[in-house]
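K.L.:
Any chance you could fold what I've pasted below:
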Amino acid sequence: MGSLIEYFKKETAKNVLEKAISHAEKVQECVEELDKGIKILLSEKNPDKASEVFRNVDVLEGEADKIRRDILKDISKGELNPSVRTDLSHLIKRLDDVANCCVGVARRINTVPFTFWEQSNEETIQLVLAIMNKTVEASVYLDKIVIDLLGERKNVKEYNKKINLLEHEVDMLNIKLRKSLQETDYNINSFTIFTIGNIFDIMEAISDGMEVVADYIMQLLRSAPAL
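P.N.:
You can find the predicted model right below:
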């Protein structure tokens, strides 16, 4: 049985390999752009400028989607072992889920009245910023683990551990955030409260998605022939 790692050793896989790396880099850009918009919104307190950045996340996610479709088109034409095609499709889909979560946060946060953030206490603001800092850090390792998987595979296990650790730290920060939110007396309507809860669920899912990618890559590494 062929493996995805064996496939990427072949010269004929060069085009797909380059696109897979580009896809991972575009996903990382989505995370970084989302973080940029949240910093502008919460630190600079400039909702109009932040809104423009959040729309950029949508553009970047669209570019990631195009790369994903190109990869799927390429592998559908090639004479690939079905298991290799499935492995690559699953890897790209898991990466795409991270970008989808980013655009999900960006679109929803653009609908939240700025009065919500004005009423939020400083602890809440700092926790949101801390969650995004950890998420961006995890995205750097996500990019590295994909490149390493498709290259020399020397640091895959190390990057996997880093992503898992950062995902756990995001989870702990999210629990503190939920507590902080409930300790604040907000004067906002119920739908805004619902939307905010949804935003923080999806924000947490970004690092969850990275952990899924990292663990799937470890699975691919373990199932590959001895290298």
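K.L.:
mind checking the SS state of G151?
P.N.:
coil (DSSP: H, G, I helix; E, B strand; the rest coil).
K.L.:
Tell me which residues of the longest helix seen in the chain come out buried.
P.N.:
Longest helix in the chain by number of residues (criterion: DSSP state H): helix 190-223. Using 16 or more other C-beta atoms under 10 Å as the test for burial, helix 190-223 gives 195-196, 199-200, 202-214, 216-218, 220-221. For the C-beta atoms, the positions are set from N, CA and C on the backbone; glycine is no exception.
K.L.:
can you tell me which residues contact the residue lying closest to M203 once chain neighbours are set aside?
P.N.:
Nearest non-adjacent residue to M203, counting by C-beta to C-beta, 6 or more residues apart in numbering: V105, 5.2 Å away. Neighbouring residues of V105 by C-beta atoms under 8 Å, 6 or more residues apart in numbering: L34, I199, I202, M203, I206.
K.L.:
Next: I125.
P.N.:
By C-beta under 8 Å, 6+ apart, the contact set of I125 is L42, W117.
K.L.:
Swap in 7 Å and give it another go.
P.N.:
By C-beta atoms under 7 Å, 6 or more residues apart in numbering, the contact set of I125 is L42.
K.L.:
Dihedrals phi and psi, it?
P.N.:
Torsion angles at I125 (phi, psi; degrees, to the nearest 10) stand at phi -60, psi -50.
K.L.:
Okay, and the residue positioned nearest the centre of the chain sits in which element?
P.N.:
Residue closest to the average C-alpha location in the chain (C-alpha atoms, centre = their mean): V98, at 3.3 Å. V98 is part of helix 82-109 when elements are defined by DSSP states H and E.
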